[in-house]
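Undergrad: sequence and predicted structure, then a few things I'm wondering about:
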Amino acid sequence: MSNKIIYLLDISNKMNFNTPTTTVLYSIEEAIKAYRKLSQHNISEVVPDITVDQGLILLLLENNDKSQTEIADLVFKDYASMTRIVKLMITKDYLVKSTDNNDKRKAKLEITEKGKEIIKKLKPVIQKNRETALNTISIDELEQLYKTLKKITENCNS
């Protein structure tokens, strides 16, 4: 074990970081939940019947020709959850689902006109949410955070 890790473990023990709620990973989860709560609140004021996940799916489909499975991976949803979300979005007339002409086994998701209007309404809200969340954070801090989070992801995936 490197000296740096031992040092960090020593510091965490001295700072009583011995419960799950006092770890950096808990803080990451807490930040994500706070951001999703803020986002949902602000989105609901503009489009009352859409969730953060549904908005994200619309935005991902806007400029991409991705499959439902690929979108599910990008929004961290299992296939069953993604299927339920898509069915609901079809019911709300945000999406239409058709068979892919090139591969009949695949379904193609397309945004309806109503869905496109929702996207137009969501974009300024999303910008506001990001500005609020990142308000006092410098570019250097953001770059370092991004690098650190990437390392954590790589460590977990290796």
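TA: Arrived safely.

Undergrad: okay, stretch 111-122 in CSV with CA atoms only?
TA: Provided in CSV are the C-alpha atoms of stretch 111-122 (Å, rounded to 0.1, in the frame of the first residue of the first chain):
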residue,chain,number,x,y,z
ILE,A,111,-39.0,12.2,-30.5
THR,A,112,-42.5,13.6,-31.2
GLU,A,113,-43.3,17.3,-31.8
LYS,A,114,-44.5,17.4,-28.2
GLY,A,115,-41.2,15.9,-27.1
LYS,A,116,-39.3,18.5,-29.2
GLU,A,117,-41.3,21.3,-27.5
ILE,A,118,-40.4,19.8,-24.1
ILE,A,119,-36.7,19.9,-25.0
LYS,A,120,-36.9,23.6,-25.9
LYS,A,121,-38.5,24.3,-22.5
LEU,A,122,-35.9,22.1,-20.6
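
Undergrad: give me the pLDDT value at the residue most central in space within the chain.
TA: Centroid-nearest residue in the chain: residue 75, 5.5 Å away (criterion: C-alpha atoms, centre = their mean). Note on residue 75: pLDDT of 94.

Undergrad: hang on, it packs against residue 56?
TA: Yes. Using C-beta atoms under 8 Å, residue 75 is in contact with residue 56, at 5.4 Å. In short, each C-beta sits where N, CA and C put it, glycine included.

Undergrad: picking that back up, list the contacts for the residue nearest to the centre of the chain?
TA: 53, 56, 57, 60, 82 (C-beta atoms under 8 Å, 6 or more residues apart in numbering).
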